[in-house]
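Enquirer: Provided below for reference: sequence and predicted model.
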Amino acid sequence: MNSTLLDHLNPEQLAAVTLGDESALILAGAGSGKTRVLTTRIAWLLSQGRVGPGGVMAVTFTNKAAKEMLTRLAAMLPYNVRGMWIGTFHGLCHRFLRSHWKAAGLPQGFQILDVSDSVAAVKRVIKAMNLDEERYVPKAVAHFIAHAKERAERPGDIDPRDAQERVLVEIYAAYEAQCQREGVVDFAELMLRTYELMRDDAALRSHYQQRFRHVLVDEFQDTNTLQYAWLKLFAAPRSSQAVMAVGDDDQSIYAFRGAVVANMHAFERDYGVRQLIKLEENYRSCGHILDAANHLIGHNERRLGKTLRTAAGQGEMLRVFEAPSDFEEARWVLEEAHAQHRAGTPRAQLAVLYRSNAQSRVIESALFNAGVPYRVYGGLRFFERAEIKHALAYLRLLENPNDDTSFLRVVNFPARAIGARSVEALQDAARASGRSLWQSVSAVTGRAGAALAGFVKLVEDLRAATEGQTLKQIVECVVEGSGLAAHYRSDKDGSERLENLDELITAAESFVTQEGFGRDAVALPVDELGPGPGLTPDLETGEIMSPLAAFLTHASLEAGEHQAQAGQDAVQLMTIHAAKGLEFDVVFLTGLEEGLFPNDRALEDHDGLEEERRLMYVAITRARKQLMLSLAQTRMLHGQTRYHLRSRFLDELPEASLKWLSPKQGGFGSGFQQPYASAWQRGGGSARAAQQPAWSHAAPPPPPPPPRKTEHDSGLRVGQAVFHNKFGEGAVLAIEGQGADARAHIQFGRHGSKWLALAVAKLTPI
DNA sequence: GGCTCTTTCGTTTTT
DNA sequence: CGAAAGAGCC
């Protein structure tokens, strides 16, 4: 087995896979076979008898990564891999808390709040505290709470800096109390509860530390403070446990969400890592693309250091196109995409990437008008759709009627004459008695009370009717019995929602068979070490979840596909963030403009520029064969035409790997001085560029934006590119005043925008 | 209770 | 500009 297992690994991969029982940090470059190393290592450890399947824990960030690991392992191993501790941080915490719910102080049937549930819960708290929602914006407060939890801070641990923060902490405390009362936990709470229980319960901690001999962490650069602290409890540093952390500091693009790249350095130190193994052999991209990636990321200072290399040839150079407008940028993408498709690249191997979702619009319309199939990632996911959340709320009430979030969501949906005042009366009663809404229904009298009692009866009837039924039958019964189906059937445009509800029933049906939840999905029996001191023998067999509870968990922890319009061969449109971990033959990287990318707002953060550069690095390394870079001199943004300079990142790429399809110019403004057609005719010698392709139904390009003349005669125009001795290249955003008072608003690259007095400032038109 | 008008706001978002 | 959320009206 070993001979085949270890075949075709390069020396570094082999070193990582066959490392002994010691902790290691693997610096895994993009496309370096990271997942293969992780899975092969697990298989190797097991096949060598170094550890049993119960002694391995492997943690990922995404369900997708966890699933892939399980799938690959299932093909390599004779074990039931589902019983192994392989999953996302949150998934494993959930599993842990289902086993130790009592010790964790949770009700057995606790439910998980997703982000929108959590914001809604915070909102209720703010209302109950009679606070101003303008001043304490629910979303921002929820964010504050989540961040505190990710630093392992409870309300009592926070020392408020000012009056505002003191109130935030009060809201946090009230929110905690409310969640506890309702038996719900948010995402951060899953992690924090697990962390606290492991921290405070020595017997439990020692049990798990004895159990897990090998712990593997994927995408380690994305771990936050709490996750790292959590890891240290499950795998004690400098102990007989071995942790393999795999990550790439250059691909850390979630610092804005709390990821701490410094955890990689901390890990080396804390775990006494003896050597850093670097996986630098890239199996994805051709030479020019890697040269560009290496060159660009070399501009970052805080790095562990790594240079990607390939055995493949240099391949195609990167093509750069500077379009006069976002509209024409889109048209160029369309034409190039079509050319690539005709040359044999499947559309699904063509990806159009952008920094922000708003940028997809122009590109979508170009593709749409030309009849090119495309698929946009992002937006609502399946389990986040309103109708699905409604159905899930009914299902959750069956499991846990004290879940006030679910109660409020559907108490009057479909409408059953329970208005805001009835709900308020109920909430008052619940607050007064410290009980859930469900428990307080009898406290409301009169017509409102009767209507509420009717709702309670409906849910109880549903529970009785679904008793002993299969998951599919339960979901079906709830969708019908709740009145949701009828509601959407009578709605003139409810057909799509009905389809989604049907889809939910289908998902429920296949869930039981595919996910295999039920008796055989229980964690492996207590490992060969036996139970820890003072622990019951069935410590880790956990509670057997009902299929419904398992399904609800699945819905909360895995929001489902972004968009399911699968099947058709379509061009892929997504943000760079969404593209992380993916690869395509041809990548279009659009909107390479100062302000957009690097994004102005991101630059305000600490390390903002370096994170933007890492994002650029991630984007570049998505491409296998060809990378297309583009920017627009003018762009419609927030209802206004904006003028941008080309991104500094373009200047950080090696000239030798770039092929400019439009003349490389001093600044974006100079495009206006060129005859319009020239950019097209210089399209890299491409015969196709100048003519309207027969297949394209796109409207002919509009004339270039007429430079707006201002009243004075400074010679400057809006949109003009200028040079300033101190600030460098800039673009004129606006001009005001006359004569000696004339001022110009100039957008400079790294210096931001400035108002300059024209009488004083030395500006040279470019 | 549900529709329409108005206001507001605009970076990325694994769980 | 365009989406989304809230206020106000029927």
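Expert: Everything's here; your move.

Enquirer: Could I get the buried residue list for the lengthiest strand in chain A?
Expert: Secondary structure of chain A per DSSP state E: the longest strand is strand A:623-637. Buried residues in strand A:623-637, defined by neighbour count with 16 or more other C-beta atoms under 10 Å: A:623-635. Using the backbone N, CA and C atoms, a C-beta is placed for each residue, glycine as well.

Enquirer: same check, this time on stretch A:148-164
Expert: Quick answer for stretch A:148-164 (16+ other C-beta under 10 Å): A:A148, A:K149, A:E150, A:A152, A:E153, A:P155, A:I158.

Enquirer: before we move on, back to that, for the longest strand of chain A, enumerate its sheet partners and note whether each is parallel or antiparallel.
Expert: Strands that pair with strand A:623-637, judged by DSSP bridges, come out as strand A:318-325 (parallel), strand A:584-589 (parallel), strand A:640-643 (antiparallel).

Enquirer: close to DNA strand B, is that strand?
Expert: No. Applying C-beta under 7 Å from any atom of the strand, one finds strand A:623-637 separated from DNA strand B by no less than 8.1 Å.

Enquirer: quick one: that strand to chain centroid distance?
Expert: With C-alpha atoms, centre = their mean, to the nearest Å as the basis, strand A:623-637 stands 22 Å off its chain's centre.

Enquirer: Would you mind writing the CA trace of it as PDB?
Expert: Extracted C-alpha coordinates of strand A:623-637, given in PDB (Å, rounded to 0.1, in the frame of the first residue of the first chain):
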ATOM      1  CA  ALA A 623      -5.000  30.800 -13.500                       C
ATOM      2  CA  ARG A 624      -3.600  27.700 -15.100                       C
ATOM      3  CA  LYS A 625      -2.800  28.700 -18.700                       C
ATOM      4  CA  GLN A 626      -3.700  32.300 -19.300                       C
ATOM      5  CA  LEU A 627      -4.200  35.400 -17.200                       C
ATOM      6  CA  MET A 628      -5.900  38.400 -18.500                       C
ATOM      7  CA  LEU A 629      -5.700  41.700 -16.700                       C
ATOM      8  CA  SER A 630      -7.900  44.700 -17.300                       C
ATOM      9  CA  LEU A 631      -8.900  48.100 -16.000                       C
ATOM     10  CA  ALA A 632     -11.200  50.900 -17.000                       C
ATOM     11  CA  GLN A 633     -10.300  54.500 -17.100                       C
ATOM     12  CA  THR A 634     -13.800  55.500 -16.200                       C
ATOM     13  CA  ARG A 635     -16.300  53.500 -14.200                       C
ATOM     14  CA  MET A 636     -19.900  54.000 -13.100                       C
ATOM     15  CA  LEU A 637     -19.800  53.800  -9.300                       C
END
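
Enquirer: quick one: contacts for A:L276?
Expert: Neighbouring residues of A:L276 by C-beta atoms under 8 Å, 6 or more residues apart in numbering: A:L25, A:I26, A:L27, A:E268, A:L304.

Enquirer: Now do the third one: how many residues are near it, please.
Expert: Other residues lying near A:L27 total 25 when counted by other C-beta atoms under 10 Å.

Enquirer: Just name the most buried of the strands paired with strand A:623-637.
Expert: Of all those, strand A:584-589 carries the top mean neighbour count, a mean of 26, counting by mean count of other C-beta atoms under 10 Å.

Enquirer: How about residues contacting that one?
Expert: A:333, A:336-337, A:340, A:345-346, A:349-353, A:572, A:576, A:619-620, A:622-630.

Enquirer: Tell me the secondary structure of A:L190, please.
Expert: For A:L190, the assignment made with DSSP: H, G, I helix; E, B strand; the rest coil gives helix.

Enquirer: How about the contacts made by it?
Expert: A:H90, A:C93, A:H94, A:L97, A:I112.
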